[in-house]
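S.K.: Make a model of this:
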Amino acid sequence: MCFIKIEKTRMTESQNGQQQTQVRTRRFGCLRGCLWAFIIYIVLCGLMGMLFGNMFSSSEVTLEKNTVYRLDMKGTVVEQGRPRDPWADLLGEMPGGMYSSEETVGLDQILANIRLAKEDDRILGIYLCGGELSVGQAAAKEIREALLDFKKSGKWVIAYAESYGQMNYYIASVADRVCLNRVGEVNWNGLSAQKLYYTRLLEKIGVEMQVLKVGTFKSAVEPYFCTEMSEADRLQTMTYVRGIWDQMVAGVAESRSLTAEKLNAYADEYMGLQPQEKYLQYGLVDTLLYGYEMDSLLRIYAGVEDYHKISTADLASVERPKQKADSEIAVIYAEGEITDSEGDGIVGKDLVKTIRKIAKDDDVKAVVLRVNSPGGSADASEQIWGALQSLRQQGLPVVVSMGDLAASGGYYISCGADYIYAEPTTITGSIGIFGLVPSVGKLRDKIGIDIDGLETNSHSSLETNVIYRGMNSEERDLMQRMVERGYDLFTSRCAEGRHVPQDSIKAIGEGRIWLGKDAKRLGLVDDMGDLDKAIQKAAELAHLETYRLGYYPDVKDPLEEMLESLLDENKTPEEKLIAKLRILCSQPRVMALMPEVKIQ
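M.R.: Residues are numbered from 1 along each chain as shown. You can find the predicted model right below:
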């Protein structure tokens, strides 16, 4: 008994010790939590103070004497740049990656900055830094032409990259000196076009894509019933890929004093895997050095020991002369895939609303539509076309400027303009439409789902039947005729806009993709030129000697974008998937969309 009592006493003492330890641990945990809360509170107060101080201070940047414009060749080029992002300024350089977003840069900002750099004596030259800019073929040409125009001022352009992508090298080749990291690469290998085909995958899971289309060359639907390119698609794809490559070769040949034959021979060697000495030997680059050595080289070109660098975002914020004219030319940006009611690209109802708003503004005397779109919804394209025609009916000239893409629905919204400009390598045309309806009949059989129902009329359940069991001949005939009516409407709009017989449009339509230079020969566009030429033409048609520019739609404020991003991040994966499926399922039955192809 005594032994038992002693053990019980010891156990009680041990429990008391544990309880005391737990109390001390809880007190320390509470103290530590309070300390962390205090530290976080102080940091947040400091950050918010800095942020709002930055946001409410002037967004304009002062341009200093002896400045070099550092054009960072990274990120993704979009048509319309965003305002300076105070969140990026505040958090972008902090350790730990507190702030990250997909980096985009506006083509409009780059071109405007290069023009300013040419005219402003405070800017000594341009430093092209990096070689990973994601940029389309037409936008690359516009940047390249702007740099060549800049050099007419007598100022210099220097390029440096750890590694050059092909389109980036095409741009950088205009530089007075092309520099490369001592262990870097020049990817000059030729272009390829690749497409993914899903037919065998769909067969395995028991899904059949029922295709309705008009146009021999309308190949956007081929991945769903073919396993390789059709001969028609192979022909058109090789034509426009070869056209893009020939332009790149011609530009580099002129800038680097090389022949097209040599450049093609170098590409056949796959330069991206060759030793760096060959880049010097072949004349593709001028200097091999490390990145930290560029500062000394820039001092030599600048002619001063101390110089300043300014980024694209900061230079875009430098105050420009105010436009004081009463008359306005409205520049409307239409970029991305065309959808009916929601999406990240051109939302039909939103763009129509913007156009109607412009129509009510008495100061607007002309409109320029900047198009960079592969197309999308045929119905949304028709609505946008109609809204633009209403501008013309009230006496406003409409001029189109085509960027990298103005194909299918992108051409649909362009064809009714008074004048159309394209770049030589703009991908355009693709006048054709298609319908794509999945049939899950075989999949339903595999997993054991039956369906039954009733209908009051012959085709009351057509839309569900064609999905669950597949089209019969009568249903396919009904839907094919609808697609053909859509094609007839599309080609009639093109014929009306281009002032040619409809049969002429159908002869060069059939869904075929054309490069801008070929589209001019065929009468689908009026001339080669960039956005500036389109603006000048709009002013000419409106008989304007002085004017200001208005840009539409409004670019979202960075703070608004960040809040939307945070809200999106709070969604569960299931909610995000449902949202994507909802957008996919809301797509119209008839599409005017060019095929998705990866050119590299």
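S.K.: ok, now how distant is the residue most central in space within the chain from residue 177?
M.R.: By C-alpha atoms, centre = their mean, the mean C-alpha position of the chain lies nearest to residue 78, the distance being 4.9 Å. For residue 78, the distance to residue 177 equals 29 Å [C-beta to C-beta, to the nearest Å]. C-beta here means a position set from N, CA and C on the backbone, and glycine is covered the same way.
S.K.: Residue 555 too?
M.R.: 35 Å.
S.K.: and if you look at residue 385?
M.R.: 48 Å.
S.K.: ok, now residue 249?
M.R.: Taking C-beta to C-beta, one finds residue 249 at 21 Å from residue 177.
S.K.: Counting neighbours, go ahead and name the busier of those two.
M.R.: residue 249 (21 against 14; other C-beta atoms under 10 Å).
S.K.: Then the more buried one would be within a helix, right?
M.R.: Yes - counting by DSSP: H, G, I helix; E, B strand; the rest coil, residue 249 falls inside a helix.
S.K.: I figured residue 123 was touching residue 65, is that so?
M.R.: No - here residue 123 does not reach residue 65: they are 9.4 Å apart, not a contact under C-beta atoms under 8 Å.
S.K.: neighbour-wise, which of these two wins?
M.R.: residue 123 (26 against 11).
S.K.: does that one have beta-bridge partners, and which?
M.R.: Residues in a beta bridge with residue 123, per DSSP bridges, are residue 67.
S.K.: How about the contacts made by it?
M.R.: 63, 67, 68, 69, 116, 117, 155, 310 (C-beta atoms under 8 Å, 6 or more residues apart in numbering).
S.K.: Tell me the predicted confidence for it.
M.R.: On pLDDT, residue 123 comes in at 98.
S.K.: Pull up the gap between it and residue 540, please.
M.R.: 31 Å.
S.K.: Next: residue 329.
M.R.: Residue 329 is 11 Å from residue 540, by C-beta to C-beta.
S.K.: Those two: which has the busier surroundings?
M.R.: When neighbours are counted by other C-beta under 10 Å, residue 329 and residue 540 differ, and residue 329 comes out ahead with 25 against 13.
S.K.: The more buried one: helix or strand, and which one exactly?
M.R.: Take DSSP states H and E as the rule and residue 329 turns out to sit in strand 328-335.
S.K.: Likewise for residue 185?
M.R.: Per DSSP H and E: residue 185 is located in strand 177-186.
S.K.: so after that strand, what's the next helix or strand?
M.R.: strand 193-194.
S.K.: helices or strands up against that following strand?
M.R.: helix 231-256, strand 598-599 (3 or more C-beta pairs under 8 Å, 6 or more residues apart in numbering; DSSP states H and E).
S.K.: Next, format the ones you listed as a markdown table and append mean pLDDT and distance to residue 467.
M.R.: Output for the helices and strands packed on strand 193-194, formatted as a markdown table (pLDDT from 0 to 100; distance: least, C-beta to C-beta, whole Å):
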| stretch | mean pLDDT | distance to residue 467 |
| --- | --- | --- |
| helix 231-256 | 97 | 27 |
| strand 598-599 | 64 | 30 |
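S.K.: most tightly surrounded among these?
M.R.: Burial of the helices and strands packed on strand 193-194 is given as mean neighbour count (mean count of other C-beta atoms under 10 Å); helix 231-256 ranks first at a mean of 18.
S.K.: how big is the angle separating that helix from strand 177-186?
M.R.: Going by axes from the mean of the first three to the mean of the last three C-alpha atoms, to 10 degrees, helix 231-256 is angled at 140 degrees with respect to strand 177-186.
S.K.: For whatever helix or strand comes next after helix 231-256, name the packing helices and strands.
M.R.: Where DSSP H and E defines the elements, the next helix or strand beyond helix 231-256 is helix 260-268. Here helix 260-268 touches helix 231-256, going by 3+ C-beta pairs under 8 Å, 6+ apart.
S.K.: Could you tell me the angle between the helix it packs on and helix 260-268?
M.R.: Going by the same axes, to 10 degrees, helix 231-256 makes 110 degrees with helix 260-268.
S.K.: residues near the closest residue to residue 133 other than its chain neighbours, how many?
M.R.: Sequence neighbours aside, residue 73 is the residue nearest to residue 133 in space, at 4.1 Å (criterion: C-beta to C-beta, 6 or more residues apart in numbering). If you count neighbours by other C-beta under 10 Å, residue 73 ends up with 24.
S.K.: do the one 4 residues further on as well
M.R.: Residues contacting residue 77 under the criterion other C-beta under 10 Å number 24.
S.K.: So it lies in a strand, does it not?
M.R.: Yes - counting by three-state DSSP, residue 77 falls inside a strand.
S.K.: Show me the chain divided up by domain.
M.R.: Domain ranges of the chain: 67-189+270-316, 328-449+462-555+590-599, per automatic domain parsing.
S.K.: Run through the strands of the stretch 301-450 of the chain in chain order.
M.R.: 308-310, 328-335, 338-339, 346-347, 364-373, 375-377, 398-407, 419-422, 427-429, 433-439 (DSSP state E, counting those that start in this stretch).
S.K.: Highest mean neighbour count out of those strands?
M.R.: strand 427-429 (a mean of 30).
S.K.: In terms of secondary structure, what does it contact?
M.R.: For strand 427-429, the packing partners by 3+ C-beta pairs under 8 Å, 6+ apart are strand 398-407, helix 409-412, strand 513-515, helix 516-522.
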